[in-house]
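Trainee: the amino acid sequence is not available; the structure is as follows:
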Ligand SMILES: Nc1ncnc2c1ncn2[C@@H]1O[C@H](COP(=O)(O)OP(=O)(O)OP(=O)(O)O)[C@@H](O)[C@H]1O
Ligand SMILES: [Mg+2]
């Protein structure tokens with residue numbers, strides 16, 4: 001699923017896509033602020049973070065906030081192609097350069113001229129390709145495979161990796177000079193489990209987006225489903241959350257997503273703790289204060305049909321306090 005949508009634009013600017021990237025956690029907000037400062041510069045940016053944290057989306061967002069936004073944003077996965085094919089992709093080739101090269105072909109550098117080239121999995125580049133990339137960056141020119149003339153190119157480089165490049169540099173697998181060239185600015189995107197405040201925001205966003213596409217009317221999550229979403233660890237990060245919501249929207253029968261609509265691995269951690277006694281008079285002695293609080297919170301959420309703002313109001317606390325407490329419930 002693509003999270004790009006047309007930007008607001010005046011008629012004379014070319015059609016372009018912007019990257020719709022959202023988050024309210026402090027760490028993501030800090031990244032957004034940083035990006036707004038560095039995006040308009042010409043500097044290269046290295047994006048690191050676990051799989052599915054949003055590296056490519058953030059790269060697009062940098063491009064669309066830069067002066068290059070009306071020029072191409074092109075991406076290549078450096079780990080997906082054998083060395084010689086990768087080089088011909090990046091730099092192009094001339095007719096007859098190798099078997100099968102029946103026509104001259106522009107490489108991505110030339111195609112992205114004036115725009116941005118996103119080198120995904122840059123840590124997977126073989127050493128010889130690293131040398132050629134470095135030369136292209138240093139000289140601002142590329143030479144098509146099989147050609148003996150160079151063409152000037154003006155391309156901004158953004159790159160991403162989920163490998164530890166510093167370590168690869170120490171072991172000699174990654175060139176130091178290239179590392180420093182790619183890494184003028186570095187942005188580390190934290191895993192979703194370290195910024196849980198983003199989970200409800202992202203979940204709600206994906207729900208709307210996907211339900212809209214599937215033409216299903218869903219107004220939210222049941223409190224139990226919301227709790228499961230909040231306490232899951234997301235090894236696959238935002239992508240995993242997005243896929244879970246996609247599945248849930250397809251399976252949902254009523255007007256809310258219920259625990260049974262979520263993937264089994266998210267439900268495995270569902271426990272008796274989610275239940276609790278039915279009425280206040282049933283609350284037994286011997287419970288900790290935190291447990292009593294948990295029961296009240298769950299009940300308030302249930303009564304308000306999962307509406308966190310309403311539940312917070314009925315409990316006499318702010319919405320953000322309730323989110324914090326709901327997050328803690330996951331650890332009870
Ligand atoms: N903050 C966010 N707001 C909205 N959507 C997001 C956000 N972060 C990630 N996504 C979505 O999650 C999915 C994974 O993001 P992306 O492909 O950018 O991750 P990645 O870090 O490049 O992953 P990988 O390392 O596996 O290539 C995409 O569909 C992306 O649109
Ligand atoms: Mg990626």
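Mentor: Great, that's in hand. On a predicted model such as this, the values are computed, not experimentally measured, just so you know. Ligands and ions are numbered 1, 2, ... in the order given.

Trainee: C-alpha only now, for contacts and for neighbours.
Mentor: Noted.

Trainee: mind listing the helices for the protein?
Mentor: Along the chain, counting by DSSP state H, helices occupy 26-38, 55-64, 83-91, 108-111, 127-139, 165-170, 176-182, 198-214, 223-231, 237-251, 264-267, 289-303, 308-315, 319-329.

Trainee: least reliable of those going by mean pLDDT?
Mentor: Mean pLDDT per stretch puts helix 289-303 lowest among the helices of the chain, at a mean of 78.

Trainee: got the angle between it and helix 308-315?
Mentor: Going by axes from the mean of the first three to the mean of the last three Cα atoms, to 10 degrees, helix 289-303 is angled at 120 degrees with respect to helix 308-315.

Trainee: quick one on the thing from earlier: dump the helices of the chain to a markdown table, plus mean neighbour count and distance to ligand 1.
Mentor: Listed next are the helices of the chain as a markdown table, based on neighbours: other Cα atoms under 10 Å; distance: least, Cα to the nearest ligand atom, whole Å:
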| stretch | mean neighbour count | distance to ligand 1 |
| --- | --- | --- |
| helix 26-38 | 15 | 8 |
| helix 55-64 | 23 | 4 |
| helix 83-91 | 19 | 18 |
| helix 108-111 | 23 | 19 |
| helix 127-139 | 16 | 20 |
| helix 165-170 | 15 | 14 |
| helix 176-182 | 16 | 17 |
| helix 198-214 | 18 | 6 |
| helix 223-231 | 22 | 16 |
| helix 237-251 | 19 | 4 |
| helix 264-267 | 14 | 18 |
| helix 289-303 | 18 | 26 |
| helix 308-315 | 18 | 21 |
| helix 319-329 | 16 | 19 |
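
Trainee: how many neighbours does residue 67 have?
Mentor: With neighbours defined by other Cα atoms under 10 Å, the count for residue 67 comes to 15.

Trainee: span of stretch 245-263 from start to end?
Mentor: This stretch, stretch 245-263, spans 9 Å end to end (Cα to Cα, to the nearest Å).

Trainee: distance from that stretch to the middle of the chain?
Mentor: Between the centre of stretch 245-263 and the centre of its chain there are 22 Å (Cα atoms, centre = their mean, to the nearest Å).

Trainee: list of residues touching that stretch?
Mentor: With contact meaning Cα atoms under 8 Å, 6 or more residues apart in numbering, stretch 245-263 is reached by 203, 206-207, 210-211, 214, 216-222, 224-225, 228, 244, 267.

Trainee: ramachandran coordinates for the residue nearest to the spatial centre of the chain?
Mentor: Residue closest to the average C-alpha location in the chain (Cα atoms, centre = their mean): residue 54, at 1.5 Å. For residue 54, the backbone dihedrals (degrees, to the nearest 10) come out as phi 110, psi 30.

Trainee: which residues touch it?
Mentor: Residues in contact with residue 54, defined by Cα under 8 Å, 6+ apart, are 189, 238.

Trainee: recalculate using a threshold of 7 Å.
Mentor: Listed by Cα atoms under 7 Å, 6 or more residues apart in numbering, residue 54 has no contact partners.

Trainee: quick check: the gap between it and residue 20.
Mentor: Distance, residue 54 to residue 20, using Cα to Cα: 11 Å.

Trainee: what's the domain layout of this structure?
Mentor: 1-12+192-275, 26-189, 277-332 (automatic domain parsing).

Trainee: pull the distance from the shortest one to the chain's centre.
Mentor: Pointing back at domain 277-332 there. So, by Cα atoms, centre = their mean, the centroid of domain 277-332 is 31 Å from its chain's centroid.

Trainee: what does the second one give?
Mentor: Averaging C-alpha positions (Cα atoms, centre = their mean) puts domain 26-189 18 Å from its chain's average.

Trainee: wait, isn't residue 147 in contact with residue 94?
Mentor: Yes - Residue 147 lies in contact with residue 94 (Cα atoms under 7 Å); the separation is 6.2 Å.

Trainee: higher neighbour count, the two?
Mentor: residue 94 (19 against 15).

Trainee: against residue 97, how distant is the nearest residue to that one once chain neighbours are set aside?
Mentor: Leaving aside its sequence neighbours, residue 94 sits nearest to residue 104 (Cα to Cα, 6 or more residues apart in numbering; 4.2 Å). Computed as Cα to Cα, the residue 104 to residue 97 distance reads 9 Å.

Trainee: and residue 72, how far from residue 183?
Mentor: 22 Å.

Trainee: whoops, I mixed them up, residue 137
Mentor: Between residue 137 and residue 183 the computed distance is 13 Å (Cα to Cα).

Trainee: could you do residue 248 as well?
Mentor: Taken as Cα to Cα, the span from residue 248 to residue 183 is 39 Å.

Trainee: repeat for residue 201
Mentor: For residue 201, the distance to residue 183 - Cα to Cα - is 30 Å.

Trainee: check residue 39 too.
Mentor: In this view, residue 39 and residue 183 are 14 Å apart by Cα to Cα.

Trainee: do residue 41 as well
Mentor: Counting by Cα to Cα, the gap from residue 41 to residue 183 is 14 Å.

Trainee: same check, this time on residue 165
Mentor: With Cα to Cα as the criterion, residue 165 and residue 183 are 10 Å apart.

Trainee: got it, and residue 139?
Mentor: 17 Å.

Trainee: how about residue 135?
Mentor: Distance, residue 135 to residue 183, by Cα to Cα: 16 Å.
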